[in-house]
Structure formats: structure tokens, C-alpha cells
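Peer 1: for reference, the sequence and a predicted model appear below.
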Amino acid sequence: MPVALPIGPYHPALKENTYFRLEVEGERIVNADLKIGYNHRGVEWLAARRTYHQDIFLCERVCGICSNAHSTCFCQTVEDVARIDVPDRAKYLRVIVAELERLHSHFLWFGVAMHVIGFDTAFMHMWKDRETIMKIIESITGKRVNHGFNTIGGTRRDFAPSIVKSIADGIDAIEKAADRIRNAVTKDRLVKKRALDIGYLSVEDAKRISVVGPTARASGINVDIRRDDPYAAYSELDWNVVIRDEGDVLARVVVRLLEIYESIRLVREALKSLPNGPISADIGQLEFPVSEAYGRVEAPRGELFYFIKSNGTNVPERVKIRTPSYMNNAALTTMLIGNSTADAPLVIASIDPCYSCTDRVAIIDVKNGETAYATMEELSRRKRH
């Protein structure tokens, strides 16, 4: 008879509030369920009550790790609504900061993964190396987190030629740090023993659940928005999509490791090819027609999707956000089955989950099946009762 084992919603292995209900027979997981909803912040509701420019800073705060990806996706979608052409230099600048953010995200994830495995020495070294990336980002944007770099029509900041050499030197240091990670992943027996053949996600299950990003690519799905629906300057740069087909935790580790080298390559090439010119379009008195548009970018965790509906004012009628974790988190209930309870934290961490960015509120009428978004007044009234 299986026994229910709860993990969360408050648990040392989880950095955000979520609840896993594992059914176990001895140490083996035979069934799993996931419950989120502890971190709802009403971002979409707020976005429809602020101006487009105010929403840039709101969307940046959906996720601290993917801050720039959110502002890029939001601005690109607004630019489609308003039919704004972004200058070439701004497109290259967006690529540089996007790939630096991917490096920062992957180094952070490697540190967390090593900590969960029990390799705390590697965790400390990887987070030390991550500081190099954070300093480069700060030198370009002025901030370490929530960069405030993008604006509608381009970017808010440029960097002088004098800073290019320091960025290039920092990228060289990051590449050496990546070599150290590669040695830890490929040569350390502890890492291989903990990550090999656990948390398996077949290509069939990955397609059925519609996972995205490194989670999808580690299960053999050849998908990457930077190539499949190019934006910024990605179509003008030479890089490769990293694919593995093993589908286990080690495959997800290797995909992120090889993506680090691709991001380094992209930053170097973008710096080398960076065109001269303005960093933002001259939008004058910006007008928003009655229209709608959607935009996609490849965030560090995978495809990030924005839908914006304009009613002709400077406040959007609707902003819909679908984050990568919204798709990937559902795969955990499949990936956990068959593993040991001791491996559960590592399997969960292997998709780099974010729970705060996935929470949405809907009210369902169980009698007729109708679904409606809750207003703030309805939520307040239901809370009182």
C-alpha cells in the first residue's frame, strides 16, 4: 500500500512555495502530484492598469533571473502592436545582454544543482564565477538584477568602445570557469552517480506535455525560439542549438553546460559585429492602434510568450504571459515516478523550476463549466466570506 509523502509547501530543498504529494512504496516513488498557487501576485491584472512604459518595469519583476527576457519579450510585442522598427545596434545590444543573462542563469542553476547533489565546494566556486557575469551585466546596464535595459523601440543604455575590452576579458574568464564546470560534470564520479538515469523524460512525454527550453532539448526535441522564430539579431549570428536525447538529469546538465559555450560564442560575435547607429527608434508622440500581437523569446528556461491586446489608449487592455516553467513544471509528475525519494530534490531542480511566475487565478463555475478571471473585488469578497 503506497504511503503519501509531502514535500512543501515550505521545505529546505525548495526556494519557493509549492507542494508535492509523492506516493511511495518504501523508497520508490510510484505516483506524484503537484500543487502551486502559493505565490500569486496579480501581475497580469496590474499590467492592464498601467501604461505600456510602466509595464516594462512590472514585467521585469515577474522573475529576477529572467528579468531581461521578460522586458525584451514585452517590448518586442508592444513594438509589433505600434509597428515600430528597432535600430540594428539595439538588436545587437539586446542579444548581448540576453546571452549574459543566460550565462548568469545557467551558472546559478549549476551552483544550485551541485548544492542539491551535495557537492558544496563546486557550488561555492560556481557562484564565485557567476560574480564575473554579474559585474559585466552591471557595467552595461547599471544594475545586477531588474536591469531596466530595454525600452519600447530599443534600449535605454549603450556602452562606450572603452568597455568592450573589459567585457571581452570577462568573457574569457567565464569560459575558463565553464571549463571547470565541464571537468566537474564529466570527471567527478559523484555528479555522474547522482544524475545519470534519474528523472527520465521520454521524447514522447516531452511532446505530450509540451515542455520547452533545455528540458525539451535534453529529451531530443530540436526547438529554440532564437532559431525557429528569430528576434533581435540572432538570425545574423552563427551559433548552434544544443540537443541531447538521453532525457535524464545528466542530459539536462550537459545541455546547459554546452549552452554556456554557445552563449559565450554569441556574445563575442555580437561584440565583434556590433553596428554603429542609434540605440532606440525615434517614436515621438507614440500612438497605439486598436490591435493585438504576440511575441516570443528564448528565456534561459525556454520559450517565453507574451500576448498584448491594445484598445487604442496608452494602457493595454490585456497582457497575457506564459512563462517556460508554466509548461515545464507539469513534467515533474512524470519525471519523479520510479525514482528514489532521495533523488526527488535533484529531479525537481533539474528543470530549473520557477513557481512564482506560473501562478494565475481563475474562477470556475462547477455547475456549467464556465471559466472567468477573478476581479480584485471578487477575490476580496471571497476572502472575507
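Peer 2: Ah, there it is.
Peer 1: where along the stretch 251-385 of the chain do the helices fall?
Peer 2: Per DSSP state H, counting those that start in this stretch, the stretch 251-385 of the chain has helices spanning 324-328, 332-335, 344-349, 376-384. These are given in chain order.
Peer 1: can I get the third one in PDB, CA atoms only?
Peer 2: Extracted in PDB, the C-alpha atoms of helix 344-349 (Å, rounded to 0.1, in the frame of the first residue of the first chain):
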ATOM      1  CA  ALA A 344      13.400  13.900  -5.700                       C
ATOM      2  CA  PRO A 345      15.000  17.300  -4.900                       C
ATOM      3  CA  LEU A 346      17.500  16.800  -7.700                       C
ATOM      4  CA  VAL A 347      14.900  15.800 -10.200                       C
ATOM      5  CA  ILE A 348      12.800  18.800  -9.300                       C
ATOM      6  CA  ALA A 349      15.800  21.100  -9.500                       C
END
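Peer 1: which strands or helices does it pack on?
Peer 2: strand 19-25, helix 88-117, helix 332-335 (3 or more CB pairs under 8 Å, 6 or more residues apart in numbering; DSSP states H and E). Using the backbone N, CA and C atoms, a C-beta is placed for each residue, glycine as well.
Peer 1: swap in 6 Å and give it another go.
Peer 2: When contacts are defined as 3 or more CB pairs under 6 Å, 6 or more residues apart in numbering; DSSP states H and E, helix 344-349 sits against helix 88-117.
Peer 1: C-terminal to the helix it packs on, what's the next element?
Peer 2: Remark: after helix 88-117, the chain's next helix or strand is helix 120-141, criterion DSSP states H and E.
Peer 1: what comes up buried for that next one?
Peer 2: Along helix 120-141, the positions that meet the burial threshold by neighbour count (16 or more other CB atoms under 10 Å) are 122-123, 125-127, 129-130, 132-134, 136-137, 140-141.
Peer 1: for stretch 169-177, same thing?
Peer 2: Gly170, Ile171, Ile174, Ala177.
Peer 1: now name the helix or strand holding the residue nearest to Leu271 when sequence neighbours are not counted.
Peer 2: In this structure, Leu271 finds its nearest non-sequential neighbour in Val164, 5.9 Å apart by CB to CB, 6 or more residues apart in numbering. Following DSSP H and E, one finds Val164 within helix 161-187.
Peer 1: in terms of pLDDT, where does the residue nearest to Leu271 sit?
Peer 2: According to the prediction, Val164 has pLDDT 88.
Peer 1: Gln285 too?
Peer 2: Among the per-residue scores, Gln285 shows a pLDDT of 80.
Peer 1: report how many residues lie close to it.
Peer 2: Using other CB atoms under 10 Å, Gln285 is surrounded by 4 other residues.
Peer 1: can you check Thr341 too?
Peer 2: When counting by other CB under 10 Å, one arrives at 15 neighbours for Thr341.
Peer 1: please report how far the residue nearest to Leu271 lies from Ile174.
Peer 2: Per CB to CB, to the nearest Å, Val164 is found 15 Å from Ile174.
Peer 1: go on, Thr155?
Peer 2: Summarising the geometry, the distance separating Thr155 from Ile174, computed by CB to CB, is 22 Å.
Peer 1: Gly42: neighbour count?
Peer 2: A count of nearby residues for Gly42, using other CB under 10 Å, gives 14.
Peer 1: and it, how close does it get to Ile351?
Peer 2: Here the distance between Gly42 and Ile351 works out to 25 Å (CB to CB).
Peer 1: go on, Glu259?
Peer 2: Taken as CB to CB, the spacing of Glu259 relative to Ile351 amounts to 14 Å.
Peer 1: who's more crowded, those two?
Peer 2: A count of neighbours by other CB under 10 Å puts Ile351 above the other of Glu259 and Ile351, at 27 against 24.
Peer 1: neighbours around the residue nearest to Leu271, how many?
Peer 2: There are 13 residues near Val164, going by other CB under 10 Å.
Peer 1: kindly report the same for Val145.
Peer 2: Taking other CB under 10 Å as the neighbour definition, Val145 ends up with a count of 15.
Peer 1: averaging pLDDT per element, find the lowest-scoring helix or strand in the protein.
Peer 2: Taking all helices and strands of the chain together, the one with the lowest average confidence (mean pLDDT, DSSP states H and E) is helix 376-384, at a mean of 53.
Peer 1: with adjacent residues omitted, what lies nearest to Ser263?
Peer 2: The spatial neighbour of Ser263 that comes closest, neighbours along the chain excluded (CB to CB, 6+ apart), is Glu99 at 4.2 Å.
Peer 1: for the helix holding Val164, what is the distance to the chain centroid?
Peer 2: The gap between where helix 161-187 is centred and where its chain is centred comes out at 21 Å by CA atoms, centre = their mean, to the nearest Å.
Peer 1: which helices and strands does that helix pack with?
Peer 2: Helix 161-187 makes packing contacts with helix 120-141, helix 249-273 when contacts are defined by 3+ CB pairs under 6 Å, 6+ apart.
Peer 1: now the angle from it to helix 88-117?
Peer 2: 30 degrees (axes from the mean of the first three to the mean of the last three CA atoms, to 10 degrees).
Peer 1: okay, buried residues for whichever helix or strand comes after helix 161-187 please.
Peer 2: Later in the chain than helix 161-187, the nearest helix or strand by DSSP H and E is helix 189-195. Neighbour-count burial for helix 189-195 flags Val191, Arg194, Ala195 (criterion: 16+ other CB under 10 Å).
Peer 1: so how far is Asp179 from the last one?
Peer 2: Translated: Ala195. When CB to CB is applied, the distance between Ala195 and Asp179 equals 19 Å.
Peer 1: now the residue most central in space within the chain: how far from Tyr294?
Peer 2: With the centre of the chain defined as its mean C-alpha position, the nearest residue by CA atoms, centre = their mean is Arg301, 3.6 Å away. Plainly put, Arg301 is 19 Å away from Tyr294 if you go by CB to CB.
Peer 1: Glu175 too?
Peer 2: 36 Å.
Peer 1: same question, Lys320
Peer 2: The separation that Lys320 has from Tyr294, given CB to CB, amounts to 8 Å.
Peer 1: check the contact lists of the two and give me the overlap.
Peer 2: Counting by CB atoms under 6 Å, 6 or more residues apart in numbering, the residues touching both Lys320 and Tyr294 are Phe307.
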